[in-house]
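Peer 1: One predicted model, sequence on top.
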Amino acid sequence: MKDLLEWLDHRTGYKLLVHEALNEPIPGGARWRYITGSMLTFAFVVQVITGFFLWTAYSPSTQTAWESVYYIQHEMAYGWLVRGIHHFAAQAMMVLLGLHFLQVIWDGAYRAPREVNFWLGLVLMQIVIALSLTGYLLPWDQKGYYATKVATNIAGASPVIGPQIQQIAQGGAAYGHHTLTRFFALHAGLLPALMVVFLALHVYVFRRHGITVPPHAEGKPADTFWPKQVLFDAVGCLVVLGIVLYFALTRPAELTAPADPGEDFPARPEWYFLFLFRFLEFKEISRFGVAFGAIYIPTLLMGIVFLMPFIGRKKWGHYFNRGFLLAILTGITILTVMTLHEDNHNQSHQAKLRFAERDAHRVVVLAKREGIPQNGARELLVNDPFTQGPRLFARNCSSCHRFDGHDATGQLILKTVDKDGVKTKVPELETAADLKDFGSREWITRVLTDYETTFKPLENAGEKGKAIQTGEMSNWCKENQKVLTDPANAESLKALVEFLTAQGGRNDLGAFDEKLVAQGREIFKGGALKSGALSSSCADCHAMTVAKGTETESLSDGAGAGYPKLTGYGGREWLKAFLRAPGHADFYGEKNTMMEFTEKRMSEREIDLLVDWMTGNYIPNPSH
Amino acid sequence: MANSSSESPPSTHVAEGPPGEPRRNFLTSLLAMITGGIVGLVPAIAGGLFFLDPILRKRAGGAGGLLRAADLSELPSDGTPLRVVLRSDITDAWTLYRNRVIGSVYLRLMPNGQILAFNDTCTHLGCKVDYQAADKQFFCPCHQSAFDLDGKPKNETPPRMLDDLVAEVKDGVVFVEYKNYRTGTPEKVAVQ
């Protein structure tokens, strides 16, 4: 073995190399404050290792990028771990970059003769930022897609050649396959290669000038790099690894829904760029155009940083540099906290985030259960009632109805009012019922026992609305409220409700109690309760046909037009027919106040998606 | 002044660490090596396990069961082989492909009404064999493997006969249970 090593040394001279690497003298002794550079290098190495393995499973195209990342995250062995480490180590790198930079400025390590190395460090900083920016897009999820769009649009706002730069970066006029292939080539090819080159130069120049010793350590005995400083560095790296692993093990790396140019997303950049996002929001900044806030000012600040070695030649200059850095860091911190605070208190933004998270969960449920179609996972959501229903409700129904108080996507319906010259947002009055649990047992119980409250919003819908709210059904309800809510009739009410609910044939409301249904049917027809009787039976007004084996049986012909027919009430077909023509004689007839959703307003596909969602006719989400 | 270094590069022949503390140095070295080892190995091990996914994880099976191959009436009654493609829904990593061609087979209708089905993959090294009508044989263009119409080797190249597959006729339609087998071995071992 010894002979072999001697031979190798003779041919390569590796011993001198190792000796030089490890026995670098550290004047004043090994110190913890010197470890930030090594930690940063370590984080980069972790990214190279995990990045390589992710590369073995990633597929950069608009129909496979999200899908392959989904597969890594949810299907492949330890994929969640490797992606988690890569995701969180990237963020650790930004923090370490900040720390390293702070330390270099604070200790004056940027001054002569280390100017060039300082500039090399600034180049490395840009490379890390570029890596982070390009990596963010690769999963092709909503978050990365929209956040990166902002970044490329900023590039497009650059003076003179902005549009060309943007097109080159995107690989065309719009985002597509080539945006991904280009970003991927940069992220996994060019940028890491540049990083290695500049890192090698950085270390080489660093070795040439040695470590910058703080004043209080001067004159203390020297150490060599090995072993004490190596141990310090290794412990620093262990801490980085520990923190990254802690995050990777406790929370999955985020993957929002597949990118969809047709769907809005509450986009924010990753937390370390929030300051820039907020900075651009200031009216004082935005009035000068995007390039001013996003390019000119950052370039100016970077210019000052670049000149720091010259400014810092004098003692006051060094203090200026320190002050400048502190000012920047304070600014960044304040802007970041401001954004987080504002976002946390922005109800609409939070609702959008929750709704986006709903999509992100849903697409995974569908992908696991249905498999991902050839055209990509986006299609799963596009054709899913659970996903599209609330959107269609918000678009078509929420100007009158509410869904649990909101528009079904979580947004409150507000209007702006001018009160003494001050514009404030107040809730818009709803003019029709809240349909959160339409067709359920609870809904039917409420309609039977408290019609007026259930349809209270109709009082905002003019005379016709009020006429329905306080009309015949309301009167019937008032006459029978006492007898229906009498504890002695609890089972009778339950039976009637069970019978009416069962007409919808919905399979998302649990199994129906056949005995109760049969009891309820008799009450519907005759109105006899366990204790007493209804003033008039349901069948006196409402027509209904029920299934009897393979045949149908007419229970009642009802009282004619304007008394909603209850055949299949609350089910898919009933609801669809009702939406298409609520003024039909089978429904409200002349009394109708509701808009008709003809094919012009809502296509067959849209109405199916909406109705399927409202009647629970979709692939269920697994209950946890 | 914090800057203590010289303008010139440090000498390559520096003295070995501070003398007089060999034991402490040893302990430090050992700790440095262990800690350094851990931080390097953890991401590498995680990545390595991920890379071994194909053997660590049981995947949902591909196409299984009987697949529709041809109408019985399409098969020549004199036993001449007919090549047909088989289609099935298959999952390739994340994508579910519907009704996709998954391979091709030769079918022969024997005089007794029996159906012979062969996987058209050469058992030597996996090229596709062609039916040569003139020589009444299956021939592989890669390394000249030749098989007779019953699938038996006609020369030394293939290690075993063509792989026969289960075939059934239902209501005038021929169904085949498609399987692939390892190549280059005398034994017929299914690949799944």
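Peer 2: Ah, there it is. Numbers count the residues shown, from 1 in each chain, chains lettered A, B, ... in the order given.
Peer 1: Where does the prediction get shaky in chain B?
Peer 2: Filtered on pLDDT under 70, chain B yields the residue ranges B:1-22, B:60-64.
Peer 1: ok and the residue in it nearest chain A?
Peer 2: Scanning chain B for proximity to chain A using C-beta to the nearest C-beta identifies B:L96 as nearest, at 3.0 Å. For glycine as for every other residue, the C-beta is placed from the backbone atoms N, C-alpha and C.
Peer 1: and that residue, that's in a strand?
Peer 2: Yes. With DSSP: H, G, I helix; E, B strand; the rest coil as the criterion, B:L96 is part of a strand.
Peer 1: count of neighbours near the residue lying closest to A:I619 once chain neighbours are set aside?
Peer 2: Computed as C-beta to C-beta, 6 or more residues apart in numbering or on different chains, the closest residue to A:I619 that is not its neighbour in sequence is A:R369, at 6.1 Å. A count of neighbours around A:R369, defined by other C-beta atoms under 10 Å in any protein chain shown, yields 11.
Peer 1: next one: B:F50
Peer 2: When neighbours are counted by other C-beta under 10 Å, B:F50 registers 23.
Peer 1: How about the one 5 residues further on?
Peer 2: The number of residues packed near B:I55 is 8, by other C-beta under 10 Å.
Peer 1: Quick one: list the elements packing against the longest helix anywhere in chain B.
Peer 2: The helix that spans the most residues within chain B, counting by DSSP state H, is helix B:22-51. With contacts taken as 3 or more C-beta pairs under 8 Å, 6 or more residues apart in numbering or on different chains; DSSP states H and E, helix B:22-51 sits against helix A:36-55, helix A:79-106, helix A:230-250.
Peer 1: Next, the buried residues of the helix or strand just after the longest one.
Peer 2: Read in the C-terminal direction, the helix or strand following helix A:79-106 is helix A:115-137, with elements assigned using DSSP states H and E. Residues A:115, A:117-122, A:124-125, A:127-128, A:130-137 are the ones in helix A:115-137 that count as buried (16 or more other C-beta atoms under 10 Å in any protein chain shown).
Peer 1: I'd like the helices and strands packed on helix B:22-51 written out as CSV, with mean neighbour count, mean pLDDT and distance to chain B added.
Peer 2: Listed next are the helices and strands packed on helix B:22-51 as CSV, based on neighbours: other C-beta atoms under 10 Å in any protein chain shown; pLDDT from 0 to 100; distance: least, C-beta to the nearest C-beta, whole Å:
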stretch, mean neighbour count, mean pLDDT, distance to chain B
helix A:36-55, 22, 96, 4
helix A:79-106, 21, 96, 5
helix A:230-250, 19, 96, 4
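Peer 1: Burial check on A:I334, number of neighbours?
Peer 2: With other C-beta under 10 Å as criterion, A:I334 counts 12.
Peer 1: B:T35 now?
Peer 2: Burial of B:T35 is recorded as 20 neighbouring residues (other C-beta under 10 Å).
Peer 1: Repeat that for A:T339.
Peer 2: Other residues near A:T339 number 20, with proximity taken as other C-beta under 10 Å.
Peer 1: same check, this time on A:K548
Peer 2: Residues near A:K548, counting by other C-beta under 10 Å, number 10.
Peer 1: who's A:D557 bridged to?
Peer 2: Counting by DSSP bridges, A:D557 is bridged to A:A543.
Peer 1: Give me the pLDDT value at it.
Peer 2: Per-residue confidence (pLDDT) for A:D557: 83.
Peer 1: just the one 10 residues further on next, same as before
Peer 2: A:T567 carries a pLDDT score of 93 in this model.
Peer 1: Spatially nearest residue to the one residue in the stretch 251-400 of chain A that gets nearest to chain B (excluding sequence neighbours)?
Peer 2: Across the stretch 251-400 of chain A, no residue is closer to chain B than A:G371, which sits at 3.0 Å (C-beta to the nearest C-beta). Nearest non-adjacent residue to A:G371, counting by C-beta to C-beta, 6+ apart: B:L96, 3.0 Å away.
Peer 1: Pretty sure A:T62 sits against A:W140.
Peer 2: Yes. Applying C-beta atoms under 8 Å as the test, A:T62 and A:W140 come out as touching, 6.4 Å apart.
Peer 1: can you count the residues close to B:H143?
Peer 2: B:H143: 12 surrounding residues under other C-beta under 10 Å.
Peer 1: So A:T416, which state does it fall into?
Peer 2: When classified by three-state DSSP, A:T416 comes out as strand.
Peer 1: Which residues are in contact with it?
Peer 2: Listed by C-beta atoms under 8 Å, 6 or more residues apart in numbering or on different chains, the contact partners of A:T416 are A:423-425.
Peer 1: And it, how close does it get to A:F393?
Peer 2: Distance of A:T416 to A:F393, computed by C-beta to C-beta, to the nearest Å: 23 Å.
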